[in-house]
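Novice: Kindly return the folded structure for what I paste below:
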Amino acid sequence: MTRENESITRLYKDGKEIILIGTAHVSRESAELVKAVIEEEKPDTVCIELDKQRYEAMMEGNKWEEMDIFQVMKEKKATLLLMNLALSSFQKRMANEFGIKPGQEMFQAIESAEAVGSELVLADRNIQVTFQRLWKGVGWSGRAKLMAQLFYSIFSNEKISEEELERLKSEDMLNGMLQEMTQSFPRLKTYLIDERDQYLADNIKQASGEKVVAVVGAAHVPGIIEEMKKEKEARQMTEELAKPPSTSYWPKIIAWAIPIIILSLIVYTFYSNPTVGLQQMISWLLWNGSLAAIGAAAAFAHPLAIVTAFIAAPITSLNPFLAAGWFAGFVQALTKRPHVKDFEQLSEAVLSVKGFWDNKVTRILLVVVFANIGSSLGTVIAGADVVRLFLENLFG
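Specialist: As a prediction, the model looks like this:
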């Protein structure tokens, strides 16, 4: 292995020459470096840190106008889509600040590979699988922390210079960032970086030809180098990493057990002491409904959507297959139906906090997510109050 500079690493593996280019995804210098290396080396294959879904979105445009917002809610993808838009917002704001396109180095790699006649390999894991594995792996507390930090970074006005951005490509700075990330979210790095390092490294090793150029984010370079040093075949492991997370019966059992216990406590208390049982019912209705409605209102939902969240939350909290936010979101979509222009303007809307709330599409997503968060908080508070009243009635 030879390290030519902070961005280029040359490896030799199984008779194959592999040139790793570590890039920053919104850096003009990275795009220029990719162009220069591919045109000079004329590799047999160029591997890029994209999957088929992101490649098609990049080449054909995101086609937001073709998105069915009702289908998104029905498939329970509102939160993931909102996270994706928030991440896109952060990258696009930085790119606009520097006057370049997000992912310009990937565009350049595709263009240069075609120009020199290299085979193009989409070496990254499907983005939906990554999100699914991450979302399940970090747990409830991790999801809350991740969402909070993500939106803080998106809505922060903190600026970063292009020089600082380029410095992130040095190994020392990168390792420091990953160490900090691991301390805050130990599991996050596993799914976002480590697993994809293995996946990328294996696909790069399997690429055809004697000379391969791989264009990847700088954060992946140290991990890919370590994976390249391993002698054993990693194909079977990579196939496992390409699968969505396996489902366990325990979360489903717990999800059903909680409402059954709550209902049982209310029914038992109601028959032994109707007055206290009525207090439990009122507590359950008010906490669930009020907090779900407050969540919808925080997203500037239509009054009918707010009322829907209030009515739906106490009922949906007793059924794991339902969520108050879905009903509120459907009503919001019906009363404030998005037009084609709202979908077309999504890429611009996500560049500001105001845009997230003004655009009818993102507002629907916010209504779904915020109403669900309110309902979840209401379930916890109301459930604790139901248990309290049950114990007071039992032992009081």
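Novice: Trp256 contacts Pro320, doesn't it?
Specialist: Yes. Using CB atoms under 8 Å, Trp256 is in contact with Pro320, at 6.0 Å. Using the backbone N, CA and C atoms, a C-beta is placed for each residue, glycine as well.
Novice: quick one: stretch 106-121 to chain centroid distance?
Specialist: 28 Å (CA atoms, centre = their mean, to the nearest Å).
Novice: May I have that stretch exported as PDB, CA atoms only?
Specialist: What follows is stretch 106-121, C-alpha atoms only, in PDB (Å, rounded to 0.1, in the frame of the first residue of the first chain):
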ATOM      1  CA  MET A 106     -19.800  11.200  -8.400                       C
ATOM      2  CA  PHE A 107     -21.100  12.900 -11.500                       C
ATOM      3  CA  GLN A 108     -17.500  13.500 -12.500                       C
ATOM      4  CA  ALA A 109     -16.500   9.900 -11.900                       C
ATOM      5  CA  ILE A 110     -19.400   8.700 -14.000                       C
ATOM      6  CA  GLU A 111     -18.600  11.100 -16.800                       C
ATOM      7  CA  SER A 112     -14.900  10.400 -16.700                       C
ATOM      8  CA  ALA A 113     -15.400   6.600 -16.700                       C
ATOM      9  CA  GLU A 114     -17.500   6.900 -19.800                       C
ATOM     10  CA  ALA A 115     -14.900   9.100 -21.400                       C
ATOM     11  CA  VAL A 116     -12.000   6.700 -21.000                       C
ATOM     12  CA  GLY A 117     -14.100   3.600 -21.600                       C
ATOM     13  CA  SER A 118     -14.000   2.200 -18.000                       C
ATOM     14  CA  GLU A 119     -16.700  -0.100 -16.700                       C
ATOM     15  CA  LEU A 120     -18.800   1.600 -14.000                       C
ATOM     16  CA  VAL A 121     -19.700  -0.300 -10.800                       C
END
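Novice: how far out from the middle of the chain is the longest helix seen in the chain?
Specialist: Determined from DSSP state H, the single longest helix within the chain is helix 360-395. Taking the mean of its C-alpha atoms, helix 360-395 sits 24 Å from the chain's own mean (CA atoms, centre = their mean).
Novice: Can you get me a residue count around Met59?
Specialist: Around Met59 there are 10 other residues, counting by other CB atoms under 10 Å.
Novice: Distance check, it against Leu85.
Specialist: 20 Å (CB to CB, to the nearest Å).
Novice: Report the next helix or strand after the worst-scoring helix or strand of the chain on mean pLDDT in sequence order.
Specialist: Lowest mean confidence among the helices and strands of the chain (mean pLDDT, DSSP states H and E): helix 171-184, at a mean of 49. Moving toward the C-terminus from helix 171-184, the next helix or strand (DSSP states H and E) is helix 186-189.
Novice: Mind giving me the packing neighbours of that next one?
Specialist: Using 3 or more CB pairs under 8 Å, 6 or more residues apart in numbering; DSSP states H and E, the elements in contact with helix 186-189 are helix 127-137, helix 139-155, helix 171-184.
Novice: Only the buried residues of the shortest one, if you could.
Specialist: Which is helix 127-137. Ile127, Val129, Thr130, Phe131, Gln132, Arg133, Leu134, Trp135, Lys136, Gly137 (16 or more other CB atoms under 10 Å).
Novice: burial measure for Asp358, as a count.
Specialist: Counted with other CB under 10 Å, Asp358 comes out at 14.
Novice: show me the contacts for it.
Specialist: Ala349 (CB atoms under 8 Å, 6 or more residues apart in numbering).
Novice: if you set the cut-off to 10 Å instead, what comes out?
Specialist: With contacts defined as CB atoms under 10 Å, 6 or more residues apart in numbering, Asp358 is in contact with Phe300, Asp342, Gln345, Ala349, Ser352.
Novice: Repeat that for Ser283.
Specialist: Contacts of Ser283 by CB under 10 Å, 6+ apart are Ile266, Gly378, Ile381, Ala382, Gly383, Ala384, Asp385, Val386, Arg388, Leu389.
Novice: How about Val276?
Specialist: Here Val276 is in contact with Ile266, Thr269, Phe270, Leu389, Phe390, Glu392, Asn393, Leu394, Gly396 (criterion: CB under 10 Å, 6+ apart).
Novice: repeat for Glu40
Specialist: Ile19, Val116, Val213.
Novice: And Ser264, by the same measure?
Specialist: Phe390 are the contacts of Ser264 under CB under 10 Å, 6+ apart.
Novice: what secondary structure does it sit in?
Specialist: Classification of Ser264 by DSSP: H, G, I helix; E, B strand; the rest coil places it in helix.
Novice: so how far is Gly383 from the residue nearest to Gly289 when sequence neighbours are not counted?
Specialist: Take Gly289 and drop its neighbours on the chain: the residue closest to it by CB to CB, 6 or more residues apart in numbering is Phe310, 4.0 Å away. For Phe310, the distance to Gly383 (CB to CB) stands at 18 Å.
Novice: Comparing these two, which residue is more hemmed in?
Specialist: Phe310 (25 against 20).
Novice: how about the more buried one, what does it touch?
Specialist: Taking CB under 10 Å, 6+ apart, one finds 285-286, 288-294, 296-297, 324, 328, 371, 374-375 in contact with Phe310.
Novice: so can I have CSV of the contacts of Ser283 showing distance to Gln332?
Specialist: Shown next, in CSV, are these (distance: CB to CB, whole Å):
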residue, distance to Gln332
Ile266, 31
Gly378, 19
Ile381, 25
Ala382, 24
Gly383, 27
Ala384, 30
Asp385, 29
Val386, 30
Arg388, 34
Leu389, 34
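Novice: Of those residues, keep whichever come out buried.
Specialist: So, by 16+ other CB under 10 Å, the buried ones in these are Ile266, Gly378, Ile381, Ala382, Gly383, Asp385, Val386, Leu389.
Novice: Specify which member of the residues you listed is nearest to Met106.
Specialist: Distance to Met106, by CB to CB, is smallest for Gly378 among these, at 43.5 Å.
Novice: who's in contact with the closest one?
Specialist: 283-295, 313-314, 317, 324.
Novice: Could you rerun that using 8 Å?
Specialist: Taking CB under 8 Å, 6+ apart as the test, what Gly378 contacts is Trp287, Asn288, Gly289, Ser290, Leu291, Ala292, Ala313, Ser317.
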